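Peer 1: Need coordinates for the below:
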Amino acid sequence: MATALLIIDVQQALCTGEYACFEIKRVIENINDLSVKAREAGIPVILIQHEEKGDMLQHGSEGWQLAEGLKTSPQDLRVRKTNRDSFYRTHLQAQLQDLGTDRLIICGLQTDYCVNATVRQALNLGYDVVLAADAHSTVDNGNLAAEEIIAEHNADLAHLTGPVARIDVLPTSEIRI
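Peer 2: Numbering: from 1, shown residues only. Sure, this is the predicted structure:
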């Protein structure tokens, strides 16, 4: 299986200040562990960045930049998006096809928005997905604490399968690159 690592929306605005996601330093450390292993194994790392005009995630703004502490490489591929789903109106699918990818390891921000939408769409497109259970995060939503949202999504997504693909939810230490 040809694998790619997707790192979704690990951007300054979601990692610092008022909108900082739950346990973000630990999450970034886990993401860095995955990306270092992926690069060493020759697996493509794709950095996905959300953008919205007139927002804290406006393209080029300080909040739009990748988070301090996130390890990147000049060889990493980049995708800009304007929707929760990282595939929607982006070149992600074409990149993955060019790479011959059929398995995705997914991590990043925010669990209940872009991570959830991207995992589900990847399954719909026929990719086997490994969601890094301890390498995605979000914020409290007024009804649930971030920790509860993360646990709920890990449990719900682990039960999804498609006709040709599946989702596995594993801690980073158990993910085989």
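
Peer 1: Pull the residues that contact the longest helix along the chain.
Peer 2: For the chain, the longest helix by residue count, based on DSSP state H, is helix 24-40. By C-beta atoms under 8 Å, 6 or more residues apart in numbering, the residues outside helix 24-40 that reach it are 3, 5, 7, 10, 14-15, 21, 44-45, 67, 69-73, 75-76, 105, 107-109, 132, 134-137, 172, 175, 177. For the C-beta atoms, the positions are set from N, CA and C on the backbone; glycine is no exception.

Peer 1: Report the buried members of these.
Peer 2: For the contacts of helix 24-40, a burial check counting by 16 or more other C-beta atoms under 10 Å picks out 3, 5, 7, 10, 14-15, 21, 44-45, 67, 70-72, 76, 105, 107-109, 132, 134-137, 172, 175, 177.

Peer 1: Endpoint to endpoint, stretch 64-82 covers what distance?
Peer 2: 12 Å (C-alpha to C-alpha, to the nearest Å).

Peer 1: Just give me how far it sits from the chain centre.
Peer 2: 11 Å (C-alpha atoms, centre = their mean, to the nearest Å).

Peer 1: And for stretch 168-177?
Peer 2: 14 Å.

Peer 1: Equivalent analysis for stretch 36-55, please.
Peer 2: With C-alpha atoms, centre = their mean, you get 8 Å for stretch 36-55.

Peer 1: I'd guess residue 104 is in a strand, am I close?
Peer 2: Yes. Assessed by DSSP: H, G, I helix; E, B strand; the rest coil, residue 104 belongs to a strand.

Peer 1: picking up where we left off before, the next helix or strand along the chain from the longest helix of the chain pairs with which strands, parallel or anti?
Peer 2: Per DSSP states H and E, the first helix or strand lying C-terminal to helix 24-40 is strand 45-50. Note on strand 45-50: by DSSP bridges, its sheet partners are strand 3-8 (parallel), strand 77-81 (parallel).

Peer 1: So in that sheet, which strands flank the longest strand seen in the chain, and in what orientation?
Peer 2: In the chain, with assignment by DSSP state E, the single longest strand is strand 128-137. Next to strand 128-137 in the sheet, as set by DSSP bridges, lie strand 103-109 (parallel), strand 167-170 (parallel).

Peer 1: Let me see the mean pLDDT of stretch 47-58.
Peer 2: Stretch 47-58 carries an average pLDDT of 96.

Peer 1: what comes up buried for it?
Peer 2: Buried-residue list, stretch 47-58, by 16+ other C-beta under 10 Å: 47, 48, 49, 50, 51, 56, 57.

Peer 1: what bridges to the second one?
Peer 2: Counting by DSSP bridges, residue 48 is bridged to residue 8, residue 79.

Peer 1: what sits against it?
Peer 2: Counting by C-beta under 8 Å, 6+ apart, residue 48 has contacts 6-9, 78-81, 86, 92, 108, 114, 118.
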